[in-house]
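Asker: the following block contains a protein sequence and its predicted model.
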Amino acid sequence: MPSFDISSEADLVALKNAVDVAGRHIGNRYDFKGTSARVDLNEKDKLITLFGDSEFQLSQIKDILFPELEKKERESTKRLDAGVIQSVSGNKSKQELKIKIGIETELAKSIVKQIKDSKIKVQASIQGDAVRVTGAKRDVLQECIALVKKSVTDFPLQFGNFRD
């Protein structure tokens, strides 16, 4: 029986590239000269850390970083979970952006529920941090993909691992 997986994986190479480009852009901007403005990527913990002199400067850094992320990987800013802005050593500020990888349990449950409520003749099951959908025909699976793409717009999803 044909099947496919619904997953959400971040392209860490594209993220690293976007953070490097944003870092170079920040280094070249005149209004950031002599400040602590910078962007760091911790690949191991999947964390982007923004450093600046004020909250306003952090928002300017985001205005540089987010378009770079979108250029490299579509909808990648939707997978960032912004933490609180922290004060560090005097008047400096920092903010951590956690990169969410995989489909969270609540989202997976809602995807499975939507598929079952749609009366499409497929079976959907949660497989760790992905959702596996199995059906009798390829056309039914394509119909299911269209349904999920239309209903889930607030988190980037990939449809892959198609088996015939």
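Answerer: Sure thing, it's come through. Numbering: from 1, shown residues only.
Asker: which ones are touching the spatially most central residue of the chain?
Answerer: The residue lying closest to the centre of the chain (Cα atoms, centre = their mean) is R79, at 2.3 Å. Listed by Cβ atoms under 8 Å, 6 or more residues apart in numbering, the contact set of R79 reads 8, 10, 99-101, 155-156. Where you see a C-beta, it was placed from the backbone N, CA and C, and this is true even at glycine.
Asker: ok, it to K119 distance?
Answerer: Separation of R79 from K119 (Cβ to Cβ, to the nearest Å): 31 Å.
Asker: before we move on, what about V140?
Answerer: For V140, the distance to K119 - Cβ to Cβ - is 11 Å.
Asker: can you give me phi and psi for the residue nearest to D53 when sequence neighbours are not counted?
Answerer: Excluding the flanking residues, the one nearest D53 by Cβ to Cβ, 6 or more residues apart in numbering is T35, at 5.0 Å. With angles defined as degrees, to the nearest 10, T35 sits at phi -110, psi 180.
Asker: what sits against the nearest residue to G83 once chain neighbours are set aside?
Answerer: Spatial nearest neighbour of G83, excluding adjacent residues (Cβ to Cβ, 6+ apart): E96 at 4.2 Å. Taking Cβ under 8 Å, 6+ apart as the criterion, E96 is in contact with 47-50, 82-83.
Asker: from the residues you listed, list just the buried residues.
Answerer: Applying 16 or more other Cβ atoms under 10 Å to the contacts of E96, the neighbour count classes 48-50 as buried.
Asker: how close does L147 sit to V39?
Answerer: Taken as Cβ to Cβ, the span from L147 to V39 is 37 Å.
Asker: please identify which of those two sits among more neighbours.
Answerer: V39 (23 against 17; other Cβ atoms under 10 Å).
Asker: which other helices and strands does whatever helix or strand that one lives in contact?
Answerer: Using DSSP states H and E, V39 sits within strand 38-42. When contacts are defined as 3 or more Cβ pairs under 8 Å, 6 or more residues apart in numbering; DSSP states H and E, strand 38-42 packs onto helix 12-28, strand 47-52.
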